[in-house]
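Chemist: when you get a sec, could you give me coordinates for this:
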Amino acid sequence: MTSNEPVLPIQHPNRDVNQKNAGQGERRNRRALGDIGNLVPVPTLPEIGKPQPQISRPITRTFRAQLVANAQSVVDKNIKKPQETEETPKRKPKKPTKSLTSVLTARSKFACGITTKPTDPINNIDESDINNELAEVEYVEDIYKFYKLSESEGGITDYINSQPDLNAKMRSILIDWLIEVHRKFELMPESLYLTVNIVDRYLSMKTVPRRELQLVGISGMLIACKYEEIWPPEVNDLIAISDNAYTREQILGMEKAVLGVLGWYLTVPTPYVFLVRYTKASVPSDIEMENMVFYLTELGLVHYTIIMANNHSKLAASAVYAARCTLNKTPAWTGTLEHHTGYSEDEIRECAKSLVGFHACASETKLKAVYRKYVNPERGAVALFPPARSLVAEGGGGSL
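Modeler: Residues are numbered from 1 along each chain as shown. Next up, the predicted model:
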């Protein structure tokens, strides 16, 4: 062998075999991918009889649920429901059998003329407002119980005899004019009822000369609007609508005097708060019913005798009763209304008769502010409705 010849490495015949065996040994020691739960076998369906191919993707809870649902649907399709045949008898529900005692008792009552009348159910008028936070369903009953207890506090006393320059007719003319002003300014109904309350309470405590009666009315409306309205009328508007009868200083001075006499006590339960609740209790209630109730109530506001003889809650309940009679609602007075108002039909009948009497002659009186307000089609023209026949024959009323 010469030095120019290449030297070949010596090859051992078992070297490749040993290396191959060594590699297999390493693979045996390595954990196979299929052993870590990545491949999940599908359960064999007994109805199909063949195992499903394994899924080569990671399984999730949603995918597992889908597999089970698919398998169950296949099972349901293969299961045949037993068909009903005409020979299969159908079970009939058993009728409740009455005992001999109940049958004999019923026959005895019928023979004696004793019949059990179904009681008038009390409707849950707040059921539809459960999710309305402004309705205060949890506290509304307690609120109105408090209103009933507090409506006599700071109330109105019979003051006409203690007013040497005033009489009931003058007071009616003032209230009729305030209703007209309220309509022209398009104010909230709360403002009107609070205005009348302020005027009557002030006249109950303070002697007022005749020339200042309208000034008391204007100042009372200004106070009520500041309390109830978002945008109350300005003093200049009140001066203009009173035909410049009073100056700005006189109106503001009377406003201060009224608030001082009343002790700034303005949070009072007026008829309006009771009207809202009692109209809601008049099931079913609609816009026609609502307009009729407010029409009859405002007719009562004009008349001094009605205000003196009935507190606010009774006036509101009587207006609802008279409105139901006018619109031919049957029954005229329900258990739901008696429960929420606290008045029976006999307790409010006399006041309702008077309101219906005012309704009967509303178009003929000299004071027509309420009539003109509710003859408008926007308020259902309820002033044109015929008065309640069941009450007008017995009722009083009168004209001014």
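Chemist: alpha carbons only for contacts and neighbour counts from here, please
Modeler: Noted.
Chemist: quick one, helices of the stretch 301-400 of the chain?
Modeler: 304-309, 312-326, 335-341, 345-360, 369-374, 389-392 (DSSP state H, counting those that start in this stretch).
Chemist: need the residues that contact stretch 271-286.
Modeler: 125, 189-190, 193, 289-290, 293-294, 312-313, 315-317, 320, 336-337, 340-341 (C-alpha atoms under 8 Å, 6 or more residues apart in numbering).
Chemist: only the buried subset of those residues, as a PyMOL command please.
Modeler: Of the contacts of stretch 271-286, the buried ones go into a single PyMOL selection, burial set by 16 or more other C-alpha atoms under 10 Å:
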select buried, resi 125+190+193+289+290+293+294+312+313+315+316+317+320+336+337+340+341
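Chemist: any chance of the helices of the stretch 301-400 of the chain in JSON lines, with distance to N197 and mean pLDDT too?
Modeler: Below are these laid out as JSON lines (distance: least, C-alpha to C-alpha, whole Å; pLDDT from 0 to 100):
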{"stretch": "helix 304-309", "distance to N197": "10", "mean pLDDT": "93"}
{"stretch": "helix 312-326", "distance to N197": "10", "mean pLDDT": "95"}
{"stretch": "helix 335-341", "distance to N197": "21", "mean pLDDT": "92"}
{"stretch": "helix 345-360", "distance to N197": "19", "mean pLDDT": "94"}
{"stretch": "helix 369-374", "distance to N197": "17", "mean pLDDT": "95"}
{"stretch": "helix 389-392", "distance to N197": "28", "mean pLDDT": "80"}
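Chemist: and R183, which of these is closest to it?
Modeler: helix 369-374 (7.4 Å; C-alpha to C-alpha).
Chemist: any figure for the gap between Y202 and V216?
Modeler: Counting by C-alpha to C-alpha, to the nearest Å, the gap from Y202 to V216 is 8 Å.
Chemist: over to P232?
Modeler: From P232 to V216 the distance is 17 Å (C-alpha to C-alpha).
Chemist: ok, V181 next?
Modeler: 14 Å.
Chemist: same check on V235?
Modeler: Taken as C-alpha to C-alpha, the span from V235 to V216 is 14 Å.
Chemist: just to revisit the earlier point, which of V181 and V216 has more neighbours?
Modeler: V216 (24 against 19; other C-alpha atoms under 10 Å).
Chemist: for that one, give me its contacts.
Modeler: V199, M254, E255, V258.
Chemist: which SSE is it in?
Modeler: helix 213-228 (DSSP states H and E).
Chemist: after that helix, which helix or strand is next?
Modeler: Following helix 213-228 in sequence, per DSSP H and E, is helix 235-241.
Chemist: pLDDT averaged over that next one, what's the number?
Modeler: Taken as a whole, helix 235-241 has an average pLDDT of 94.
Chemist: mind saving the C-alpha coords of it as CSV?
Modeler: Extracted C-alpha coordinates of helix 235-241, given in CSV (Å, rounded to 0.1, in the frame of the first residue of the first chain):
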residue,chain,number,x,y,z
VAL,A,235,-95.2,87.9,37.5
ASN,A,236,-95.6,90.1,34.4
ASP,A,237,-97.9,87.5,32.8
LEU,A,238,-100.1,87.4,35.9
ILE,A,239,-100.3,91.2,35.9
ALA,A,240,-101.3,91.2,32.2
ILE,A,241,-104.0,88.5,32.7
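Chemist: mind listing what's buried in it?
Modeler: Taking 16+ other C-alpha under 10 Å as the criterion, helix 235-241 shows V235, L238, I239 as buried.
Chemist: quick check: the second one touching G217?
Modeler: Think L238. No - contact criterion C-alpha atoms under 8 Å: L238 and G217 do not qualify, at 10.5 Å.
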